[in-house]
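> sequence and predicted structure are below.
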Amino acid sequence: MFNYVHKLDMQFHLSRNTGQLSRTLDRGQRSISFILNAMVFHIFPTVLEVGLVSGLMAHNFGAAHSGVVLGTESLRRSIAMVPQDTVLFHESIGFNIQVR
């Protein structure tokens, strides 16, 4: 593609908005970067965690128990509006316990 663009005549290049091509390439690069970032830091760790937990549950408690835990977690993740993270609520729970 690069060689093809360079072989085009000068009139083609003069009549085109070259900034648009640069902007399109930059948007494509940012899109690929975003997808790879999401996969490396969000999707792969989640899949690894669920796989390890399911494997440990199956090994220690049997496949039926592992299936129930995996199904429950999958359902929770699919309908949850906001990801639940205990770290977010740790300080407020501690504060509420101390007040009472």
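That came through fine.
> could you measure from Arg16 over to Asp9?
11 Å (Cβ to Cβ, to the nearest Å). All C-beta atoms are positioned from the backbone trio N, CA, C, and that covers glycine.
> swap that for Gln20, sorry
Taking Cβ to Cβ, one finds Gln20 at 19 Å from Asp9.
> then Gly19?
For Gly19 relative to Asp9 (Cβ to Cβ), the value is 20 Å.
> which SS state does the residue minimising distance to the centre of the chain fall under?
Most central in the chain under Cα atoms, centre = their mean is Ala38, positioned 3.2 Å from the mean C-alpha point. Assigned by DSSP: H, G, I helix; E, B strand; the rest coil, the conformation of Ala38 is helix.
> before we move on, back to that, give me the more crowded residue out of Arg16 and Asp9.
A side-by-side neighbour count of Arg16 and Asp9, using other Cβ atoms under 10 Å, places Arg16 first with 12 against 7.
> Three-state assignment for that one, please.
With three-state DSSP as the basis, Arg16 sits in coil.
> list the contacts for it?
Not one residue lies near Arg16 by Cβ atoms under 8 Å, 6 or more residues apart in numbering.
> ditto for Met1
No residues are in contact with Met1 under the rule Cβ under 8 Å, 6+ apart.
> kindly report the same for His65.
His65 neighbours (Cβ under 8 Å, 6+ apart): 57-58.
> what residue of the chain is the furthest out?
Outermost residue of the chain with respect to the C-alpha centroid, by Cα atoms, centre = their mean, is Gln11; its distance is 44.1 Å.
> would you mind listing the buried residues in whatever helix or strand it lives in?
Here Gln11 is covered by helix 10-14, with elements defined by DSSP states H and E. For helix 10-14, the neighbour count (16 or more other Cβ atoms under 10 Å) marks no residue as buried.
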